[in-house]
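S.K.: Sequence and computational prediction follow.
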Amino acid sequence: MDTPRHFLDLHELDAGVLRAILEHAKALKAARPSRGKVSLDEGAPLDGMMLAMLFEKPSTRTRMSFNVGMRQLGGQVVVLNADDLQLGRGETIVDTARVLSRYVDAIMIRSNRHQNMLDLASHATVPVINGLTDDSHPCQLMADVLTFEEHVGPIRGKSIAWVGDGNNVAASWIHAAAKFGFSLRLACPEDLRGGLTAALEWARYETIDMSVSANPIEAVAGADCVVTDTWVSMGDADIDARCEMLAPYQVDKKLMSHAASNAIFMHCLPAHRGEEVTAEVIDSSCSVVWDEAENRLHAQKAILVWAMAGLPA
């Protein structure tokens, strides 16, 4: 039996594979159907295939982009929420993996625990795709790199600034910096870097241009792109304390003025105007968040094709 092509984390995949997926995403977007019409890309490469989507966390963009993307590629989906699964009633993730592998051609999981996703992949005989865990968000980063290259050009050698919480998305930016060859400057409060521990340890053994500080102005200086995320994620405690620590990291017009003159702003959404970013920034001409949200669809379609059928030659 062939080993399934899992898409679990960027740092586990070869840079050439990630670039090939990204270039296929660009091709899929260029060939996307016009508004109001549905067409099947490249002769419906996933015709007759079924994707199971497991959600332990609520979702808007992940749910919609995978659902629409799979259908546009000719396949079908079945959606299972936390309350639909026997996992909450004592069935193990291992048994769930074995059973679902008999029913579907691939599994996408949006999980509370990174280990759940790893256990699922270890025992599934079909591809598993990481739709988000508390440790990482690789699909988002593929969409982010796609968005950057659409607006700025090749990301290699460019400068990205992350400002705010040291969370799962920031960890995937670290992985992406090594794989795509850009400079990464992270500004995070020292007490909120726990989510970066594993990624930073991995980065010690990689060729990567990266710095971590508590100074947002230092991180943003001259950056080609400024990125942030919500201050409070699902499951976070001590909300008031987190917001107090992160208040100096708000991305406003003054902070953006330290970036390059043509810098773009990105945010994976949902956004909270007046907290991690001001309306003056997210609703400005430098903001590419809506293209970024759309590109989840195109990036994930390419991931689905790669995992389930293989990219065209």
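M.R.: Yep, it's here.
S.K.: What helices and strands are in contact with the longest helix along the chain?
M.R.: Using DSSP state H, we find that the single longest helix of the chain is helix 289-308. Applying 3 or more CB pairs under 8 Å, 6 or more residues apart in numbering; DSSP states H and E, one finds that helix 289-308 contacts helix 15-30, helix 61-72, strand 106-110, strand 128-132, helix 138-151, strand 264-267. No exception for glycine: its C-beta is placed from N, CA and C like everyone else's.
S.K.: Pull the residues that contact the third one.
M.R.: For strand 106-110, the external contacting residues (CB atoms under 8 Å, 6 or more residues apart in numbering) are 49-57, 59, 62, 66, 97, 100-101, 116-117, 120, 124, 126-133, 304, 307-308.
S.K.: Can you say which of the residues you listed are buried?
M.R.: 49-57, 59, 62, 66, 97, 100-101, 116-117, 120, 124, 126-133, 304, 307-308 (16 or more other CB atoms under 10 Å).
S.K.: what about residue 269, distance to residue 227?
M.R.: Residue 269 sits at a distance of 12 Å from residue 227 (criterion: CB to CB, to the nearest Å).
S.K.: let me fix that: residue 52
M.R.: Residue 52 is 31 Å from residue 227, by CB to CB.
S.K.: can you check residue 141 too?
M.R.: According to CB to CB, residue 141 stands 10 Å off from residue 227.
S.K.: Mutual contacts of these two, please.
M.R.: residue 173.
S.K.: In this structure residue 275 contacts residue 244, no?
M.R.: No. Taking contacts as CB atoms under 8 Å, residue 275 lies outside contact range of residue 244: 11.6 Å.
S.K.: Of these two, which one has the most company?
M.R.: Using other CB atoms under 10 Å as the criterion, residue 275 and residue 244 rank with residue 275 on top: 16 against 12.
S.K.: which ones are touching the more buried one?
M.R.: With CB under 8 Å, 6+ apart, residue 275 has these contacts: 230-231, 243, 246, 250.
S.K.: Pull out the buried members of these.
M.R.: By 16+ other CB under 10 Å, the contacts of residue 275 give 230-231, 246, 250 as buried.
S.K.: Which pair in these has the greatest spatial separation?
M.R.: Greatest spacing in the buried ones among the contacts of residue 275, by CB to CB: 230 and 250 (11.9 Å).
S.K.: so what's in contact with the two at the same time?
M.R.: Common neighbours of residue 230 and residue 250 (CB under 8 Å, 6+ apart) are 275-276.
S.K.: Report the central residue of this protein.
M.R.: Centroid check for the chain by CA atoms, centre = their mean gives residue 140 as the closest residue, at 1.8 Å.
S.K.: isn't that residue right next to residue 169, touching?
M.R.: Yes. With contact defined as CB under 8 Å, residue 140 reaches residue 169; the gap is 6.0 Å.
S.K.: what is in contact with those two at once?
M.R.: With CB under 8 Å, 6+ apart as the test, residue 140 and residue 169 both reach residue 268.
S.K.: Quickly find the element holding residue 206.
M.R.: Following DSSP states H and E, one finds residue 206 outside all helices and strands.
S.K.: Helices of the protein, residue ranges please.
M.R.: 15-30, 61-72, 93-103, 114-123, 138-151, 168-180, 197-203, 216-220, 239-246, 253-256, 279-282, 289-308.
S.K.: Can you give me the buried ones in the last one?
M.R.: For helix 289-308, burial by neighbour count (16+ other CB under 10 Å) applies to 289, 291-308.
S.K.: if you skip the residues just before and after it, what's nearest to residue 149?
M.R.: Leaving out its chain neighbours, the residue that sits closest to residue 149 by CB to CB, 6 or more residues apart in numbering is residue 155, at 5.7 Å.
S.K.: contacting residues for the one you found?
M.R.: 145, 148-149, 180-182.
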